[in-house]
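Enquirer: the amino acid sequence is not available; the structure is as follows:
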């Protein structure tokens, strides 16, 4: 009799524990945001942002030494695609640290496939570490992993230049029409001419231009950046922003351009460099979130690490707001 009573008590206690666990799981799944966004009050779905573009750059040390951070970054994007309405991701080069290291390419290949499986469109370009500089800037290894064939079925993919040495994507979201143009390392007049051709063909779209080398962290343009500014940015009225990595740190240069020569600026061009690889653990997963408010015609740029669940990394302590800015989108083009 005593044995039966003990069994009854044990069974009852197990049932109570199971009910508590089930209740907690159900409550969490119904009432709480995903764990990876629970602490992110600034980018919750009830925020004023209609959608969020994500910008990664210089993941080379993650591919080399910290692949778990690379994985956490792309997992966070995939997990939050619907929650934050993420229609697109930029990557501005140095995908790997050493162009001929097969293991690094395999890590990058595996983790960028996370976005593909989640059907999150993205664009990439080759940085100086992704190509064979000693062999006439050979793109052979980059093309093997991130050539045109990998992207041509992507819904945003517009076209390629020399097997994805350059390419462009067409992104349409919440009434905004964007063209995202990329050009990898080793830009000459032929590459500039191709970018201008594509811009002219899509002059009705807001243009974001991605390079690896353009703006220095001093806030001045590099030599190739200055050439691009004069030959591409200034003549094309739909260019609103440039993105690049390569140089350690982050900075923004805003130029006001008078397109019709009437003495009054007609647009602002936001030129941004962001590269966190000099920080511990290759950058600790910091990347940029471009949060779009369509009614205001503005993009609120923030720097965030899903690895640390933290905004603005260490530079915010000495220079508050450096990792944040507001981009004003044009009311209309042309």
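Expert: Yep, it's here. These numbers were taken from a predicted model, which means no experiment stands behind them.
Enquirer: tell me if I'm right that residue 264 and residue 258 touch.
Expert: Yes. Under the criterion of C-beta atoms under 8 Å, residue 264 makes contact with residue 258 at 6.3 Å. (Each C-beta comes from the backbone N, C-alpha and C, glycine too.)
Enquirer: neighbour count winner among those two?
Expert: Neighbour comparison, residue 264 and residue 258: the larger count goes to residue 258, with 12 against 9 (by other C-beta atoms under 10 Å).
Enquirer: correct me, but the more buried one touches residue 265?
Expert: Yes. With contact defined as C-beta under 8 Å, residue 258 and residue 265 form a contacting pair (5.3 Å).
Enquirer: check which element follows the one helix or strand in the chain whose mean pLDDT sits lowest along the chain.
Expert: Each helix and strand of the chain was given a mean pLDDT (mean pLDDT, DSSP states H and E); the minimum falls on helix 2-31 at a mean of 41. Scanning forward in sequence from helix 2-31 by DSSP states H and E, the next helix or strand is strand 51-56.
Enquirer: in that next one, what counts as buried?
Expert: Judged by neighbour count using 16 or more other C-beta atoms under 10 Å, the buried positions of strand 51-56 are 51-56.
Enquirer: chain center to it: distance?
Expert: Centroid displacement of strand 51-56 relative to its chain, using C-alpha atoms, centre = their mean, to the nearest Å, is 5 Å.
Enquirer: which strands and helices sit next to whichever helix or strand comes after that strand?
Expert: Next helix or strand after strand 51-56 toward the C-terminus (DSSP H and E): helix 60-64. Judged by 3 or more C-beta pairs under 8 Å, 6 or more residues apart in numbering; DSSP states H and E, helix 60-64 is in contact with helix 67-79, helix 102-117.
Enquirer: buried stuff in the helix or strand following the shortest one?
Expert: Put plainly, it is helix 67-79. For helix 67-79, the following helix or strand on the C-terminal side (DSSP H and E) is helix 81-84. Neighbour-count burial for helix 81-84, counted by 16+ other C-beta under 10 Å, picks out 81, 83-84.
Enquirer: any idea which helix or strand comes after helix 81-84?
Expert: strand 88-91.
Enquirer: run the chain-centre distance for that following strand.
Expert: With C-alpha atoms, centre = their mean, you get 4 Å for strand 88-91.
Enquirer: again, but for stretch 159-176
Expert: The chain centre lies 14 Å from the centre of stretch 159-176; the measure is C-alpha atoms, centre = their mean.
Enquirer: buried stuff in it?
Expert: 160-161, 163-171, 173, 176.
Enquirer: residues contacting the nearest residue to residue 211 once chain neighbours are set aside?
Expert: Distances taken as C-beta to C-beta, 6 or more residues apart in numbering place residue 244 nearest to residue 211, at 4.7 Å, with adjacent residues excluded. Taking C-beta atoms under 8 Å, 6 or more residues apart in numbering, we find residue 244 in contact with 57, 92-93, 210-215, 225, 272-273.
Enquirer: okay, and which of these map to strands?
Expert: Using DSSP state E, 210, 272-273 are the members of the contacts of residue 244 that sit in strands.
Enquirer: from those, which is closest to residue 304?
Expert: residue 272 (15.0 Å; C-beta to C-beta).
Enquirer: the closest one and residue 300, how far apart?
Expert: In this view, residue 272 and residue 300 are 13 Å apart by C-beta to C-beta, to the nearest Å.
Enquirer: do you know the pLDDT at the residue nearest to residue 211?
Expert: Looking at residue 244, its pLDDT reads 98.
Enquirer: for it, phi and psi?
Expert: Backbone torsions for residue 244, taken as degrees, to the nearest 10, come to phi -160, psi 160.
Enquirer: also residue 131?
Expert: phi -130, psi 160.
Enquirer: distance check, it against residue 93.
Expert: Distance of residue 131 to residue 93, given as C-beta to C-beta: 10 Å.
Enquirer: residue 228 too?
Expert: Residue 228 is 15 Å from residue 93, by C-beta to C-beta.
Enquirer: out of those two, which sits in the busier spot?
Expert: Just comparing residue 228 and residue 93: by other C-beta under 10 Å the higher neighbour count belongs to residue 93, 30 against 26.
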